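Below is the structure, and that's it, no one-letter string:
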């Protein structure tokens, strides 16, 4: 009898804890690419069908970021860089150089952490701090927010809204953070999911990736841009992407923005292997 009573009490205590945990981590289900593309195209970064948004995470880095800037200059392409607040403070010179060369700065958080435990106050404080630093460097208020690992908890949704930031993830990535990534593998992985109107995620640093992995993304970059151009797609930052409205759980119906136009992905055929 005592055992049953103890078990009942334990269940009574565990139930609200489980409910809090579910409320905290539940929105992170938007990390799933299929769900995100179907239900929340704005959050996925779905934009104008004739355009591809090129984005980079985790910088700036004084060693690797300048290589990407030079490569983008050669390609004649501008991109959106989701920078970490701590890196922008630690490495102000490459952060300012991003802006000087015409790229768009966005917020990737203060540190590259995993938000498994609820901490709304910390989320709000650190995101506001990161947005302030990015705004100071850019000379304008940032518009976009992408959480580390693409994990959007309820606390980070609320923090982004309070900071005036719009969450956006991606439709295609290169898995360029892996230790076995190569330029060919990054290009092929991007091509597998890329369509007109999509958003590409790459990394301009190995800050949270395998050491030296940024070289695979750098090597793949010219071919990725070339593939887009050969498919008749322009490449640029999110600010030029025409991203649809409705980025959250209360957003628009699949594929339709609140502006009334429907997103139709342009066909994309890449010569990339794989």
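Sure, I can see it. Since the structure is predicted, the reported quantities are computational estimates derived from the model, not experimental observations.

Averaged pLDDT, stretch 223-233. What do you get?
Averaged across stretch 223-233, the pLDDT comes to 98.

Sorry, slip of the keys, the one I care about is stretch 93-111.
97.

now stretch 149-169
Per-residue scores along stretch 149-169 average to 92.

Return the set of buried residues in it.
For stretch 149-169, the neighbour count (16 or more other CB atoms under 10 Å) marks 150-157, 159-160, 163, 165-169 as buried. The way it works is simple: take the backbone N, C-alpha and C, and place the C-beta from them, glycine included.

Longest strand in this structure, please.
strand 51-57 (DSSP state E).

Show me what that one pairs with in its sheet, parallel or antiparallel.
Partners of strand 51-57 in the sheet, by DSSP bridges, are strand 80-83 (parallel), strand 199-203 (parallel), strand 234-236 (parallel).

So what's the residue count around residue 86?
17 (other CB atoms under 10 Å).

Quick check: buried residues in the helix or strand where it lies?
Using DSSP states H and E, residue 86 sits in helix 85-90. For helix 85-90, the buried set under the neighbour-count rule, 16+ other CB under 10 Å, comprises 85-88.

Mind pulling the model confidence for residue 263?
38.

do the one 3 residues further on as well
Here the pLDDT value assigned to residue 266 is 46.

Residue numbering should commence at 47 henceforth.
Taking 47 as the first residue, the last one we looked at is residue 312.

quick one: the strands in the stretch 47-196 of the chain?
With DSSP state E, counting those that start in this stretch, the ranges of strands along the stretch 47-196 of the chain come out as 97-103, 126-129, 150-153, 190-191.

For residue 261, give its distance to residue 91.
25 Å (CB to CB, to the nearest Å).

For those two, work out which one has more neighbours and name it.
Neighbour count, other CB under 10 Å: between residue 261 and residue 91, residue 91 has more, with 30 against 15.

Tabulate the strands paired with strand 97-103 (a markdown table), appending mean neighbour count and distance to residue 184.
Converted to a markdown table, those look like this (neighbours: other CB atoms under 10 Å; distance: least, CB to CB, whole Å):
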| stretch | mean neighbour count | distance to residue 184 |
| --- | --- | --- |
| strand 126-129 | 29 | 9 |
| strand 245-249 | 26 | 20 |
| strand 280-282 | 18 | 17 |
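
Need those strands in TSV (columns: distance to residue 171).
Below are these laid out as TSV (distance: least, CB to CB, whole Å):
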stretch	distance to residue 171
strand 126-129	18
strand 245-249	26
strand 280-282	33
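
about what we covered before: got a list of contacts for the helix holding residue 132?
104-107, 141, 153, 155-157, 172, 175-176, 179-180, 183, 251, 253 (CB atoms under 8 Å, 6 or more residues apart in numbering).

for it, what is the average pLDDT?
So the average pLDDT for helix 131-136 ends up being 97.

now swap in stretch 103-112 and tell me
98.

what's next to it, contact-wise?
Residues outside stretch 103-112 that contact it (CB under 8 Å, 6+ apart) are 127-130, 133-134, 137, 139-141, 143-144, 154, 158, 192, 247-255, 260, 264.

Tell me which residues of it come out buried.
103-108, 110-112.

want to throw the residues you listed into CSV with distance to residue 277?
Formatted as CSV, the buried residues of stretch 103-112 follow (distance: CB to CB, whole Å):
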residue, distance to residue 277
103, 24
104, 27
105, 27
106, 30
107, 30
108, 34
110, 28
111, 27
112, 29
